[in-house]
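> kindly return the folded structure for what I paste below:
(2 chains)
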2 protein chains.
Amino acid sequence: MTQIVVLTGGVGGAKLALGLSHILPDGALTAIVNTGDDFRHLGLHVSPDVDTLLYTLAGKANAAQGWGREGESWAFMAAVRELDGPDWFALGDGDMALHVLRTHRMAQGESLSQVTASFAARWNIASRIMPMSDDPVATMLATDDGLMEFQRYFVEQRCAPVVRAILFEGAEKARPAPGVVDAILSADAVLIAPSNPFLSVDPLLAVPGVRSALARTSAPVVAVSPLINGKAVKGPTAKLMGELHMPVDNDSIAQHYAGLIDAMLIDSGDPCDGTDIAIARCATLMTTLADKMRVAQAALDLATRLRA
Amino acid sequence: MTQIVVLTGGVGGAKLALGLSHILPDGALTAIVNTGDDFRHLGLHVSPDVDTLLYTLAGKANAAQGWGREGESWAFMAAVRELDGPDWFALGDGDMALHVLRTHRMAQGESLSQVTASFAARWNIASRIMPMSDDPVATMLATDDGLMEFQRYFVEQRCAPVVRAILFEGAEKARPAPGVVDAILSADAVLIAPSNPFLSVDPLLAVPGVRSALARTSAPVVAVSPLINGKAVKGPTAKLMGELHMPVDNDSIAQHYAGLIDAMLIDSGDPCDGTDIAIARCATLMTTLADKMRVAQAALDLATRLRA
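Residues are numbered from 1 along each chain as shown, chains lettered A, B, ... in the order given. Below you'll find the predicted structure:
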């Protein structure tokens, strides 16, 4: 298979993308990335999932932390605190270059996808990284503490508020970024990364052009479940599913993606009984690079079986 | 004397301001600062002379370097270079907090003088630091290599181009920042710091309200010459004077400020014969804090003599 698309959020999705990039030829992978988490902070355009993909595929990610750059320093944040600036969202010194250059170049007329492609080229990333859209989409959470932006919920409130509904402001009017629809339609397989289905993948699916391209593509669509033994590896997936009154299991995930996916890869030990899509299993915990390559290969193998 | 105003540019002027702040009671000093060097870089509002005053009076300045913060780190610039961003103007990691917070707060409607006062308060600076104006003024140099912004001339070109004329775009329409005129009119003495008269002090004097307040104040106006033995301690003063066809001596400085100043403090060894304003002498090289306090005291003593 020569062209693979992965729809992805940040951390968990980036792990799968890294695995894919190591087993596919250069240029074969296109990551289409959630931008519902994007927000303006201190006047800067911050695009967390796009940055996580950039750092991960450039070999610059802080793997232990799950976000930001390896070897990051924090003099900027220390000075922001001195000056009574907001410190709930951490911006590393090196990381600031991405935000400042992106904000500046977008103010001068470049699109998010152009800037992203340019950064990826500078860092010799052999895969394509495309934001889902160049139009603004904002993931908003209706919680018991009121409506809040994604980063306020996720970072400032550490996912503590009880979520009643999730909205993607702007999504219905957002056009897929240039290349996104073509990539999906011409792909040999489309993978949905084990990112949070509700917070990281749903924003992608909320862009009408992305959803319809998924429906139209002849490529098999394979989701990798974010759950292992009824828990998410990281983040609020399981907590959210409880709050949204879903059983925290793979059947719920399969049902959530029903009509969009042809198959799902789940963890070796996990059940998935209530669905008629194809299911494959492997150990889906991705700690080492070998883990990431194994899960990537299993997802590709599942897609190959569907094409056969 | 209870209220002292110093008109100042960056490095050399900040040294005098620091000396003054050490010999005056808290709250007695008002520094009115050149903003002709201000510019937008990477979308950020950079205000170099205001920042030098802030860092110097907060005890955070890199004294050896003459600009920026002590103990600064450079991860941001390294990442900017990785991403092919412009690196001719160095922005330290801690320094970035000033630029980002200022730009953000000004975009939300605060003035430069409000933001500056707020930073000074956070750093417990006992002196007032006022930008000369909240309106944009841009020092532009007409050179043999064309018209260029101050920072392009000063930093990128290292003052190499031959200067034919200096323009202060916007100055004629700029209003003094709130408090500036009152400070000059109610001062017991007004000092002009040994900053570059053409690049750092002239922008202040080009603001009509500042110039007229200087003309109207009953306070003695005392300039500290930037020359020692026919040379400037730092920067292009002497080179500029040559290019502008002036003898590089104190008489030229006195003539440049003629009608505005009542007296001038010059270095002990230097002549100044061709002027009828009052002249006093001391060793004006300011290396140590004791030097700065000595020069500050000599300038205040000269002003006191004029008031007697």
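> now the strands: where do they sit in the stretch 101-250 of chain A?
According to DSSP state E, counting those that start in this stretch, the stretch 101-250 of chain A carries its strands in the segments A:128-131, A:138-143, A:146-149, A:163-169, A:189-192, A:221-224, A:227-228, A:231-232.
> which residues are in contact with the residue of the stretch 101-250 of chain A found nearest chain B?
When distances are taken as CB to the nearest CB, the stretch 101-250 of chain A approaches chain B most closely through A:H104, which lies 4.0 Å from it. For every residue, glycine as well, the C-beta is placed using N, CA and C. By CB atoms under 8 Å, 6 or more residues apart in numbering or on different chains, the residues touching A:H104 are B:L42, B:G43.
> ok, A:G13 next?
When contacts are counted by CB under 8 Å, 6+ apart, A:G13 is found next to A:V6, A:L7, A:A31, A:V33, A:N34, A:D49, A:L53, A:A193, A:P194, A:S195, A:S200.
> now those residues as a markdown table including pLDDT and distance to chain B?
Output for these, formatted as a markdown table (pLDDT from 0 to 100; distance: CB to the nearest CB, whole Å):
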| residue | pLDDT | distance to chain B |
| --- | --- | --- |
| A:V6 | 98 | 24 |
| A:L7 | 98 | 26 |
| A:A31 | 98 | 19 |
| A:V33 | 98 | 18 |
| A:N34 | 98 | 22 |
| A:D49 | 97 | 18 |
| A:L53 | 97 | 15 |
| A:A193 | 98 | 25 |
| A:P194 | 97 | 29 |
| A:S195 | 95 | 25 |
| A:S200 | 96 | 25 |
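> please flag which of those residues sit within helices.
Those of these mapping onto helices are A:D49, A:L53, per DSSP state H.
> still on that earlier bit, now render the strands of the stretch 101-250 of chain A as CSV, adding mean neighbour count.
As requested, those are exported to CSV (neighbours: other CB atoms under 10 Å in any protein chain shown):
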stretch, mean neighbour count
strand A:128-131, 24
strand A:138-143, 20
strand A:146-149, 14
strand A:163-169, 17
strand A:189-192, 28
strand A:221-224, 27
strand A:227-228, 20
strand A:231-232, 16
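> with respect to B:N229, which of those strands lies nearest?
With distances scored as CB to CB, the stretch of these nearest to B:N229 is strand A:128-131 (59.8 Å).
> average pLDDT across the closest one?
What strand A:128-131 shows for mean pLDDT is 98.
> report the helix or strand with the lowest average pLDDT across chain A.
Taking mean pLDDT, DSSP states H and E as the measure, strand A:231-232 is the helix or strand of chain A with the lowest mean score, a mean of 87.
> neighbouring contacts of that strand?
Here strand A:231-232 makes contact (CB under 8 Å, 6+ apart) with A:N196, A:P226, A:A238, A:V248.
> do stretch A:201-216 as well
If you take CB under 8 Å, 6+ apart as the criterion, stretch A:201-216 is touched by A:7-9, A:32, A:34-37, A:132-133, A:137, A:139, A:166, A:168, A:171-172, A:174-176, A:180-181, A:184-185, A:190, A:192-193, A:195, A:221, A:259-260.
> by neighbours, which of the contacts of strand A:231-232 wins?
Neighbour count (other CB atoms under 10 Å in any protein chain shown) singles out A:P226 as the most crowded of these, with 28 neighbours.
> around chain B, pick out the residues from the stretch 51-200 of chain A.
Those residues of the stretch 51-200 of chain A that sit near chain B, judged by CB under 8 Å from any CB of the partner chain, are A:69, A:72-73, A:75-76, A:78-80, A:82-85, A:92-98, A:100-101, A:103-104, A:107, A:118-119, A:122-123.
> so which of the residues you listed are in helices?
Secondary structure of those is defined by DSSP H; positions in helices are A:75-76, A:78-80, A:82, A:95-98, A:100-101, A:103-104, A:107, A:118-119, A:122.
> of those, just the buried ones, ChimeraX syntax please.
Selecting only the buried entries of these in ChimeraX, with 16 or more other CB atoms under 10 Å in any protein chain shown as the criterion:
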select /A:75,76,79,80,82,95,96,97,98,100,101,103,104,118,119
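> list the contacts of A:A165.
Applying CB under 8 Å, 6+ apart to A:A165 gives the contacts A:L141, A:A142.
> A:L300 reaches A:I4, doesn't it?
Yes. With contacts counted by CB atoms under 8 Å, A:L300 reaches A:I4, the gap being 7.0 Å.
> so which of those two has more stuff around it?
For A:L300 against A:I4, the residue with the higher neighbour count under other CB under 10 Å is A:I4, and the figures read 26 against 21.
> give me the distance between that one and B:A120.
Using CB to CB, to the nearest Å, we find A:I4 at a distance of 56 Å from B:A120.
> and the closest residue to chain B within the stretch 201-308 of chain A, how many neighbours?
When distances are taken as CB to the nearest CB, the stretch 201-308 of chain A reaches nearest to chain B at A:L289, 22.8 Å away. The number of residues packed near A:L289 is 13, by other CB under 10 Å.
> how about it, nearest residue that isn't a chain neighbour?
A:H22 (6.7 Å; CB to CB, 6 or more residues apart in numbering or on different chains).
> which SS state does the one you found fall under?
helix (DSSP: H, G, I helix; E, B strand; the rest coil).
> that one is in contact with A:T288, isn't it?
No. A:H22 lies out of contact with A:T288 (CB under 8 Å); the separation is 11.5 Å.
> ok, those two, which is more surrounded?
Here A:H22 and A:T288 are set side by side on neighbour count (other CB under 10 Å), and the busier one is A:H22, at 14 against 10.
> and the more buried one, what pLDDT?
At A:H22 the predicted local confidence, pLDDT, stands at 98.
> show me the contacts for it.
Contacts for A:H22 (CB under 8 Å, 6+ apart) come out as A:L289, A:K292, A:M293, A:A296.
> distance to B:K60 added to the strands of the stretch 101-250 of chain A, as JSON lines?
Conversion of the strands of the stretch 101-250 of chain A to JSON lines gives the following (distance: least, CB to CB, whole Å):
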{"stretch": "strand A:128-131", "distance to B:K60": "39"}
{"stretch": "strand A:138-143", "distance to B:K60": "37"}
{"stretch": "strand A:146-149", "distance to B:K60": "34"}
{"stretch": "strand A:163-169", "distance to B:K60": "41"}
{"stretch": "strand A:189-192", "distance to B:K60": "50"}
{"stretch": "strand A:221-224", "distance to B:K60": "50"}
{"stretch": "strand A:227-228", "distance to B:K60": "49"}
{"stretch": "strand A:231-232", "distance to B:K60": "44"}
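> ok so, going back, overlap in contacts of A:L300 and A:I4?
A:L20, A:A189, A:L191.
> show me the shaky parts of chain A.
Along chain A, the parts satisfying pLDDT under 70 run over A:1.
> check which residues of the longest helix seen in it are buried.
Using DSSP H, we find that the single longest helix of chain A is helix A:289-307. Neighbour-count burial for helix A:289-307 flags A:291-300, A:302-303, A:306 (criterion: 16+ other CB under 10 Å).
> for these, which one is nearest A:L42?
Looking across those and measuring by CB to CB, the closest to A:L42 is A:K292, at 33.3 Å.
> give the contact list for the closest one.
By CB under 8 Å, 6+ apart, the residues touching A:K292 are A:K15, A:L16, A:L18, A:G19, A:H22, A:M286.
> list the contacts for the first one?
Think A:K15. Going by CB under 8 Å, 6+ apart, the list of residues near A:K15 reads A:T56, A:P194, A:M286, A:K292, A:V295.
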